[in-house]
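K.L.:
Give me a model of this one.
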Amino acid sequence: MITSGIADLIGDVSLFRGFRKRAELIRTVRDHDRFDDAINPHGERDMGRFEFEGTACYWKINYYDLDLTGGSEDPVDPSQTTRVLTIMRVNER
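P.N.:
A predicted model of the protein is given here:
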């Protein structure tokens, strides 16, 4: 999931416009390996900070129940958990 601020950085994605920027964004999040204790104080590695198009951004994984109505009772159990990755600008937090 991306926020409206990230969508603004990518631009128009209809008919493959903005495709390269979107692909670059996904690669940046996929390849993230610099985990900061300030952002991940419990060592869960479920959040990261990075730069995209000259803008400070975060990605965050949240663990919801299967209906997406609340938090998962057991985030490590995929039979009870839906994971949602959100990519946002720092100022949208």
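K.L.:
What are the buried residues along stretch 78-93?
P.N.:
By neighbour count on 16 or more other C-beta atoms under 10 Å, the buried set for stretch 78-93 is 81, 87-89. C-beta here means a position set from N, CA and C on the backbone, and glycine is covered the same way.
K.L.:
Repeat that for stretch 11-26.
P.N.:
Under the neighbour-count criterion of 16+ other C-beta under 10 Å, stretch 11-26 has 18, 21-22, 25 buried.
K.L.:
what does stretch 38-48 give?
P.N.:
Using 16+ other C-beta under 10 Å as the test for burial, stretch 38-48 gives 46-48.
K.L.:
for the residues you listed, which one is nearest Ile61?
P.N.:
Within these, distances to Ile61 taken as C-beta to C-beta reach their minimum at Asp46, with 4.3 Å.
K.L.:
just checking, the closest one touches Pro75?
P.N.:
No. Taking C-beta atoms under 8 Å as the definition, Asp46 is not a contact partner of Pro75, at 9.0 Å.
K.L.:
phi, psi of Phe19?
P.N.:
phi -60, psi -40 (degrees, to the nearest 10).
K.L.:
any idea how far the closest residue to Thr81 other than its chain neighbours is from Phe19?
P.N.:
Spatial nearest neighbour of Thr81, chain neighbours left out: Ser72 (4.0 Å); criterion: C-beta to C-beta, 6 or more residues apart in numbering. Distance, Ser72 to Phe19, using C-beta to C-beta, to the nearest Å: 33 Å.
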